[in-house]
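Visitor: got a predicted structure here, sequence first:
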Amino acid sequence: MKNPELLSPCGSPETLQAAVKGGADAVYLGGNLFNARMNAKNFDDNQIKEAVSFSHENGVRVYITLNTLLTDRELKKALRYVSFLYSNGVDALITADLGLTAAIHRYFPDFELHASTQACGHSTDGAKMFADLGFSRMVAARELNQDALALLAKESPIEIEMFVHGAICVSHSGQCLMSSVIGERSGNRGLCAQPCRLPYNGHYPLSIKDMCLADHMQDILTMNIAALKIEGRMKPPGYVYGVTSIYRRLLDERRNATPDEIAYLAALFSRSGFTSGYFTGNMTKSMLGIRREEDKNAKIPPMPDVIFEKKEKIVLPARTHVLPEFISCKKPITKERFVKSARYAHANQIVNCEDLDIRYLPLDKFVKGKANGLIMPYPVLDKEKDKVLKQVDIAIQNGACHALITHLGQIPWFIGKECTLHGDYRLNITNGESACQYERLEDVILSPELTLPQIRDMHFAKSTIIYGHLPLMTLEKPVEEPHLKDRRGVVFPLVRAGGRDVVLNSVPVYMLDKKAALKKAGGGVHLMFIRETPQEVKQIMKAFHEGLPPQTDIKRMKE
């Protein structure tokens with residue numbers, strides 16, 4: 001079986017040299033625009049040209065990250081940047097925003113596209129939908145275990161790339177709002193402040209050790225994975241060279257790492273050692289770790305330098321491209337009644353909201369006669385699909401005629417079912433192009449990271465969350481805590497949803513007294529009841545109808 005591609009991170013021109021000398025088959029790096037590591041040194045336009053030339057001369061492919069969410073006003077600028085990257089020989093783009101992806105595929109149909117882990121790739125149905133959008137590769141979610149990855153690689157119509165080394169987000173990637181909501185630094189916009197690395201309840205229940213799968217290489221090599229990815233665009237050249245060279249040896253010799261090699265990797269960087277908990281499915285407290293003084297002061301043992309055989313020079317056909325005037329997608333989802341005055345809510349318990357157009361309950365809590373809408377869980381892994389589809393059929397039989405979709409891959413599951421589909425905020429809709437990729441949906445709930453002026457720019461069937469404790473993180477590894485209290489004494493509730501722990505914001509979004517501003521922004525509104533009592537729901541609904549100001553601490557949307 002052919003070896004997978006070894007893909008190394010480059011946060012600067014110096015680390016690019018290190019990755020190539022270390023034996024990378026391909027490198028990924030970010031420019032000064034729209035990449036998920038905006039705090040890295042990154043590459044300016046001239047450095048990108050030089051990076052492509054140097055890499056191709058050494059037989060190494062170059063992938064550029066454009067993996068943040070974009071607003072409507074940023075799409076033209078992004079496409080002009082794509083035109084520059086295309087004309088200068090970049091091999092592929094790593095993207096997360098489905099609207100930007102669709103526009104790139106429309107104007108640059110032969111530009112190779114990889115779905116970033118920020119695009120939430122965790123199932124074969126998701127991979128099939130990504131293929132339809134023009135992707136040729138999907139970066140798998142880091143939370144998947146060995147069996148899930150093997151099935152995905154077998155069933156996916158596009159290539160599967162997996163992480164094998166480096167830092168792990170504790171939340172499902174693309175589904176973390178914590179840095180954005182509490183610190184106004186959006187991880188989905190490349191500015192994550194890493195609140196997961198801070199203490200809660202007097203210790204570190206969210207800080208995951210770095211991943212290391214070097215001692216699982218022989219298993220990985222049986223799985224038909226297309227590429228193995230090393231995380232680390234914020235790391236120095238010595239780290240990138242050392243990690244890349246170890247994995248190069250393991251691939252070429254088709255073996256697992258020795259204890260000495262694991263020790264060498266740990267000395268380069270670790271947080272109390274390494275974890276393979278997601279890959280093995282052993283998701284215990286042993287996965288947790290912080291960067292200790294002994295980790296920082298670890299002496300790096302000598303490893304022999306290895307001169308890797310130079311790869312054949314890459315010669316791309318000449319590319320020239322003149323980008324026509326960008327014309328946004330003209331097929332947005334539009335349904336008149338939702339544009340005017342939709343009011344709908346979802347709740348984790350049965351509440352009396354008869355005056356709402358749609359009353360949602362989570363799929364696993366749906367009760368006949370108490371709701372007319374169901375909320376799909378997030379995520380739904382391949383092994384969970386059959387159970388979820390049975391629950392969907394039961395809910396529809398019991399009166400569910402609306403469904404809140406939480407992932408692109410769920411849409412085909414409702415073909416032939418008498419159920420109107422709506423898009424949840426988890427779809428990360430931040431521009432009209434993204435909304436156009438969901439034509440089968442009646443409307444969408446916009447990303448809660450948007451401001452009211454940005455919402456006003458979006459002319460399609462949309463809805464805005466105007467009340468609710470926003471889910472900040474969705475966790476695959478159980479927290480085993482009743483809540484999270486930070487250093488300031490702020491408490492973040494934990495709830496179970498879809499069999500997973502979800503971290504809620506400490507205070508609710510509250511825009512019930514901002515009717516004039518909401519009307520100007522347009523669209524419908526969505527109220528989210530997750531931990532409120534029935535009596536509190538009645539009070540909130542009264543405040544909604546009468547436009548009453550808040551009585552407690554709240555989170556405001558920017559006007």
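Guide: All right, it came through fine.

Visitor: now do the strands in the stretch 51-200 of the chain.
Guide: 61-66, 92-95, 112-115, 137-139, 159-166 (DSSP state E, counting those that start in this stretch).

Visitor: can you list those in CSV and add mean neighbour count?
Guide: Heads up, the C-betas are built off the backbone N, CA and C, glycines and all. Below are these laid out as CSV (neighbours: other C-beta atoms under 10 Å):
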stretch, mean neighbour count
strand 61-66, 24
strand 92-95, 25
strand 112-115, 24
strand 137-139, 26
strand 159-166, 24
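
Visitor: which among the ones you listed is found nearest to A78?
Guide: Closest of these to A78 is strand 61-66, at 6.7 Å (criterion: C-beta to C-beta).

Visitor: what is the closest one packed up against?
Guide: Strand 61-66 is packed against strand 26-30, helix 45-57, helix 75-87, strand 92-95, with contacts defined by 3 or more C-beta pairs under 8 Å, 6 or more residues apart in numbering; DSSP states H and E.

Visitor: any chance of a markdown table for the strands of the stretch 51-200 of the chain, columns mean pLDDT?
Guide: Below are these laid out as a markdown table (pLDDT from 0 to 100):
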| stretch | mean pLDDT |
| --- | --- |
| strand 61-66 | 97 |
| strand 92-95 | 98 |
| strand 112-115 | 98 |
| strand 137-139 | 98 |
| strand 159-166 | 98 |
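
Visitor: can you add distance to N224 and give these back as a markdown table?
Guide: Below are the strands of the stretch 51-200 of the chain laid out as a markdown table (distance: least, C-beta to C-beta, whole Å):
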| stretch | distance to N224 |
| --- | --- |
| strand 61-66 | 20 |
| strand 92-95 | 20 |
| strand 112-115 | 17 |
| strand 137-139 | 13 |
| strand 159-166 | 8 |
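
Visitor: out of those, nearest to S286?
Guide: When these are compared by C-beta to C-beta, strand 159-166 sits nearest S286, at 18.0 Å.

Visitor: picking up where we left off before, JSON lines for the helices and strands packed on strand 61-66, including distance to A19?
Guide: Below are the helices and strands packed on strand 61-66 laid out as JSON lines (distance: least, C-beta to C-beta, whole Å):
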{"stretch": "strand 26-30", "distance to A19": "5"}
{"stretch": "helix 45-57", "distance to A19": "9"}
{"stretch": "helix 75-87", "distance to A19": "19"}
{"stretch": "strand 92-95", "distance to A19": "16"}
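
Visitor: minimum distance to N3: which of the ones you listed has it?
Guide: So among the helices and strands packed on strand 61-66, strand 26-30 is nearest, using C-beta to C-beta, at 12.6 Å.

Visitor: circling back to that earlier point, V164 is nearest to which of the helices and strands packed on strand 61-66?
Guide: With C-beta to C-beta, the closest approach to V164 among these belongs to strand 26-30: 13.8 Å.

Visitor: kindly export that closest one (C-alpha atoms) in CSV.
Guide: The C-alpha coordinates for strand 26-30 follow below in CSV (Å, rounded to 0.1, in the frame of the first residue of the first chain):
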residue,chain,number,x,y,z
ALA,A,26,3.7,18.8,1.5
VAL,A,27,3.5,21.9,3.7
TYR,A,28,0.6,24.0,4.7
LEU,A,29,0.9,27.7,5.6
GLY,A,30,-1.1,30.9,6.0
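
Visitor: list of residues touching that strand?
Guide: With contact meaning C-beta atoms under 8 Å, 6 or more residues apart in numbering, strand 26-30 is reached by 5-11, 16, 19-20, 36-38, 40, 42-43, 48, 51, 55, 60-65, 91, 94, 227, 229, 233.

Visitor: just the buried members of these?
Guide: By neighbour count, with 16 or more other C-beta atoms under 10 Å, the contacts of strand 26-30 hold 5-11, 16, 19-20, 36-38, 40, 42-43, 48, 51, 55, 60-65, 91, 94, 227, 229, 233 as buried.

Visitor: so what's E354 scoring on pLDDT?
Guide: For E354, the model assigns a pLDDT of 63.

Visitor: one more: P534?
Guide: pLDDT, P534: 86.

Visitor: number of residues surrounding the closest residue to M528 other than its chain neighbours?
Guide: Leaving aside its sequence neighbours, M528 sits nearest to G468 (C-beta to C-beta, 6 or more residues apart in numbering; 2.7 Å). Counted by other C-beta atoms under 10 Å, the residues lying close to G468 total 25.

Visitor: next one: K477
Guide: Applying other C-beta under 10 Å, we find 21 residues neighbouring K477.

Visitor: for K558, same thing?
Guide: 10.

Visitor: contacting residues for it?
Guide: K558 is in contact with 451-453, counting by C-beta under 8 Å, 6+ apart.

Visitor: go on, L16?
Guide: Contacts for L16 (C-beta under 8 Å, 6+ apart) come out as 10, 27, 29, 51, 54-55.

Visitor: how does it look with 6 Å?
Guide: Each residue near L16 by C-beta atoms under 6 Å, 6 or more residues apart in numbering is listed here: 10, 51.

Visitor: what secondary structure does it sit in?
Guide: Secondary structure, DSSP: H, G, I helix; E, B strand; the rest coil: L16 is helix.

Visitor: which residues does stretch 420-440 contact?
Guide: Contact with stretch 420-440 is made by 69-72, 98-99, 102-103, 328-329, 331-332, 378, 402-406, 411, 414, 441-448, 458, 460, as judged by C-beta under 6 Å, 6+ apart.

Visitor: now that stretch: buried residues?
Guide: Within stretch 420-440, the residues scored as buried using 16+ other C-beta under 10 Å are 420-438.

Visitor: now, these that are in helices?
Guide: 432-436 (DSSP state H).

Visitor: out of those, the closest to E261 would be?
Guide: Checking those against E261 with C-beta to C-beta, the nearest one is S434 at 43.0 Å.

Visitor: what bridges to the residue nearest to M528?
Guide: Taking DSSP bridges as the rule, G468 bridges to V509.

Visitor: and it, how far from H483?
Guide: Distance, G468 to H483, by C-beta to C-beta, to the nearest Å: 17 Å.

Visitor: again, but for H122
Guide: As judged by C-beta to C-beta, H122 and H483 stand 27 Å apart.

Visitor: neighbour-wise, which of these two wins?
Guide: Legend: neighbour count by other C-beta under 10 Å for H122 and H483, higher for H122 (28 against 15).

Visitor: which residues touch that one?
Guide: Contacts for H122 were tallied using C-beta under 6 Å, 6+ apart; they are 141, 379.

Visitor: just the pLDDT for it.
Guide: Note for H122: predicted pLDDT of 96.

Visitor: then the one 5 residues further on?
Guide: Each residue has a pLDDT score; the one for A127 is 97.

Visitor: over to the one 3 residues further on?
Guide: Each residue has a pLDDT score; the one for F130 is 96.

Visitor: so who does it touch?
Guide: With contact set as C-beta under 6 Å, 6+ apart, F130 has these partners: 115, 138.
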